[in-house]
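J.: I need the structure of the sequence given here:
(2 chains)
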Amino acid sequence: MSNSIKQGVSRIVLFFLYRAFHVLYRYDKSIRCEVDGWKQGFVICMKAARQGPAICLIHTEKGIERLRKYESSDVNMSIEFRGIDAAFLVLSGQIGVAQAYSQHRFTLRGSIFDCMPFVRCVEIIEAYLFPTVITKKILKKLPIKEISPVSVYRHAILGF
Amino acid sequence: MLPDYYEFCNPPKLLSGNFALENIPEALEDLKAKKPLLLCDQMLAKIGTMQTVIDALVSGGITPGGSFTEIPADSSSLVVNQIAALYRSLNCDSLIAVGGGSVLDTAKGVKMLISQNIDNIMDAMGCEIIDCGERIPFIAIPTTGGTGSEATLVAVILDPVKNAKMEFISYHLLPDVAVLDPRMTLTLPPRITAATGMDALCHAVESYTCLQKNPISDAFAAGALEMIRENLRTAVNDGKNAKARLAMANAAFMAGTAFSNSMVGVIHAIGHALGGVCHVPHGEAMTILMPYCMEYNFDVLEDLYGELLLYIEGAEVYAVTPKAERGRKMISSIRRMNSEFHESCGLPVRLRETKARKEDFERVAKAALNDGAMIVNPKQVSQQDVLNILEKAF
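T.: Numbering: from 1, shown residues only, chains lettered A, B, ... in the order given. Below is the predicted model of the structure:
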């Protein structure tokens, strides 16, 4: 598979990751509980590769929103995959976040203490976005879903 | 089983054995360093351990550029910043750290700060984000025979603003040289010898069983467990036995190398939290938690625990134990060691014997869940799971 396809897939999955994060803050109390542990204005960036697709999220009073313009000094925590191949492994559901960490697939700038709630959120979101056949392979335990994955996709696509 | 992908890094040159300290000047020369800054804590300065190192340096023609002997048990970023300023003001060109985990981790922080040319260590916080930077020769001399910090890429340093322990992970934190000299641990009291030895054992067990395990780290873990089996009891009961002391220092180094490359799991995650919230000494926390956490992980790790029986009990016991019973037997072996050290030197086997209080358990559980070690534990751990483990261990 070419890098441009991997970049494209990664961009799409990152978009859905953000939208699902946004939606599930309202509908999944585990996500809400984790996110509310961060201070207001906490900024997390996730880069699929140094020059690849990226997404920046901010914790506001409304939950999780996308931050389109930011300075690097605004970012509290930054996760950067070591390359588009590494990002694709995770974002296409071939390996989980724990495996990616074990395999040195990404670097983390910021506090590991703050990163752990984010990891747990991503794992819950993966349970909604990926089919069970994938999540059984990449998650240590399947979380309880509080709304149906179809609803999450519908909200994510329609953007509310 | 071979992982899909793994990395292994173990750069320190090891000087192990009699008169290892006397070979430090040559090691410094090899690293093109002449003016080291010496780091240790007050106790080591007081009982003469630091002086033994200084004597070895002077006998080899090295005059230290200066020393800092006020490193506390839970070193903070403020101490690291202070030592870096001293290093720069004295124009030192290398670091020699003499001590346990706190001293060695502080030295790693100082190395990071100077090599990255930054003023605040918190700017470098994270996982594998720094490059090699300016070369700062760094020699680590452990004095506890347990932490293995001289072989690890992790530094844990307190953020005094958040009052939280921050983890720094980078291959560039590893020392250039690790020195294992039996003189450095001969005066360690039996209880601390037992606690730090059990910490090393825990490093080996967790590195052999966590998600990041790989064939090379497995070999180091297995080797460490054999040395611990053969020497920890002697080191505890006969502290002046230099052979056992040196073997335990080697075991700690090997277990440290193993866990530096495969990380540790739920036992350390809860242990770090117990240390941060209740100030339970790390080795004691590991001793108490190990069997309970192994029980928790048992349904996922039974086979691997069974394999470890070979190293913790030896070939005879392993051979006569049916395969289906080996995992359980391994946990029983750990419990038996705990009981032995409880009787011989008062090592606690229950949390109620430490500063831990039940009313703190909620805070401990929350902190444990956010510890980086939790990510590589092979079984998912919830806050309630941690609370259950703590209740059982109390």
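J.: alpha carbons only for contacts and neighbour counts from here, please
T.: OK.
J.: now the strands for the chain?
T.: Chain wasn't specified; assuming chain A. A:43-47, A:54-60, A:63-66, A:77-81, A:106-109 (DSSP state E).
J.: chain B was what I was after
T.: B:13-16, B:36-39, B:66-68, B:94-99, B:126-127, B:138-142, B:154-159, B:164-169, B:177-180.
J.: can you list the strands that the last one pairs with?
T.: Strand B:177-180 has the following sheet partners, assigned by DSSP bridges: strand B:13-16 (parallel), strand B:138-142 (parallel).
J.: pull the CA atoms of that strand into CSV?
T.: Extracted C-alpha coordinates of strand B:177-180, given in CSV (Å, rounded to 0.1, in the frame of the first residue of the first chain):
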residue,chain,number,x,y,z
VAL,B,177,29.5,3.2,32.7
ALA,B,178,27.9,1.2,35.6
VAL,B,179,30.2,0.3,38.5
LEU,B,180,29.3,-2.7,40.7
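J.: re the thing from before, of all the strands of chain A, which lies closest to B:Glu22?
T.: B:Glu22 lies closest to strand A:106-109 among those, at 39.2 Å (CA to CA).
J.: alongside chain A, which residues does chain B contribute?
T.: Residues of chain B found near chain A (CA under 8 Å from any CA of the partner chain) are B:5-7, B:124-129, B:166-167, B:211-212, B:262, B:369-372, B:375-376, B:378-380.
J.: which among those count as buried?
T.: B:6, B:124-129, B:166-167, B:211-212, B:262, B:369-372, B:375-376, B:378-379 (16 or more other CA atoms under 10 Å in any protein chain shown).
J.: return the subset of the residues you listed lying in helices.
T.: Counting by DSSP state H, these place B:262, B:369 in helices.
J.: most tightly packed of the strands paired with strand B:177-180?
T.: Highest mean neighbour count among these (mean count of other CA atoms under 10 Å in any protein chain shown): strand B:138-142, with a mean of 27.
J.: and the angle for that strand with strand B:94-99?
T.: Counting by axes from the mean of the first three to the mean of the last three CA atoms, to 10 degrees, strand B:138-142 lies at 10 degrees to strand B:94-99.
J.: dump the residue contacts of the residue of the stretch 151-300 of chain B found nearest chain A.
T.: When scored by CA to the nearest CA, the stretch 151-300 of chain B has B:Gln212 as its residue closest to chain A, at 4.6 Å. Applying CA atoms under 8 Å, 6 or more residues apart in numbering or on different chains to B:Gln212 gives the contacts A:99, A:102-103, B:6, B:261-263, B:376.
J.: where in chain A is pLDDT low?
T.: A:160 (pLDDT under 70).
J.: got the residues of it near chain B?
T.: By CA under 8 Å from any CA, the part of chain A that sits against chain B consists of A:98-99, A:101-104, A:107-117, A:140-141.
J.: could I get the strands of chain A as TSV with mean neighbour count?
T.: TSV is the format used below for the strands of chain A (neighbours: other CA atoms under 10 Å in any protein chain shown):
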stretch	mean neighbour count
strand A:43-47	21
strand A:54-60	19
strand A:63-66	20
strand A:77-81	22
strand A:106-109	21
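J.: dump these into CSV; add distance to B:Asn237 as well.
T.: Formatted as CSV, the strands of chain A follow (distance: least, CA to CA, whole Å):
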stretch, distance to B:Asn237
strand A:43-47, 52
strand A:54-60, 55
strand A:63-66, 57
strand A:77-81, 48
strand A:106-109, 44
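J.: just give the nearest non-adjacent residue to B:Arg326, would you?
T.: B:Gly306 (4.3 Å; CA to CA, 6 or more residues apart in numbering or on different chains).
J.: let me fix that: A:Gln99
T.: Among residues not flanking A:Gln99 along the chain, B:Leu211 sits closest, at 7.1 Å (CA to CA, 6+ apart).
J.: worst average pLDDT in the strands of chain B?
T.: Among these, strand B:164-169 carries the lowest mean pLDDT, at a mean of 84.
J.: give me the contact list for that strand.
T.: The contact list for strand B:164-169, computed with CA under 8 Å, 6+ apart, reads A:111-113, B:124-128, B:153-159, B:276.
J.: can you tell me which two in those residues are farthest apart?
T.: B:Glu128 and B:Gly276 (23.8 Å).
J.: returning to what we had before: need the buried ones from the residues of chain A next to chain B selected in ChimeraX.
T.: Listed next is the ChimeraX selection for buried residues among the residues of chain A next to chain B, using 16+ other CA under 10 Å:
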select /A:98,99,101,102,103,104,107,108,109,110,111,112,113,114,115,116,117,140
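J.: mind checking which of the residues of chain A next to chain B land in helices?
T.: Those of the residues of chain A next to chain B lying in helices (DSSP H): A:98-99, A:101-102, A:112-117.
J.: reformat these as JSON lines; add distance to B:Val103.
T.: Below are these laid out as JSON lines (distance: CA to CA, whole Å):
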{"residue": "A:Ala98", "distance to B:Val103": "30"}
{"residue": "A:Gln99", "distance to B:Val103": "32"}
{"residue": "A:Tyr101", "distance to B:Val103": "28"}
{"residue": "A:Ser102", "distance to B:Val103": "27"}
{"residue": "A:Ile112", "distance to B:Val103": "22"}
{"residue": "A:Phe113", "distance to B:Val103": "22"}
{"residue": "A:Asp114", "distance to B:Val103": "25"}
{"residue": "A:Cys115", "distance to B:Val103": "26"}
{"residue": "A:Met116", "distance to B:Val103": "27"}
{"residue": "A:Pro117", "distance to B:Val103": "30"}
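J.: and B:Met122, what is it in contact with?
T.: B:Met122 sits in contact with B:77, B:159, where contact means CA under 8 Å, 6+ apart.
J.: and it, what pLDDT?
T.: Here, the pLDDT recorded for B:Met122 equals 82.
J.: who touches stretch A:115-127?
T.: Contacts of stretch A:115-127 (CA under 8 Å, 6+ apart): A:17, A:20-21, A:24, A:30-31, A:34-35, A:77, A:96-97, A:135, A:139, A:142-143, A:145, B:369-372, B:375.
J.: may I see the buried residues of the lengthiest helix in chain A?
T.: Secondary structure of chain A per DSSP H: the longest helix is helix A:3-27. When neighbours are counted by 16+ other CA under 10 Å, the buried residues of helix A:3-27 are found to be A:6-7, A:9-11, A:13-25.
J.: how far does stretch B:359-368 sit from the chain's center?
T.: On the basis of CA atoms, centre = their mean, to the nearest Å, stretch B:359-368 sits 23 Å off its chain's mean C-alpha point.
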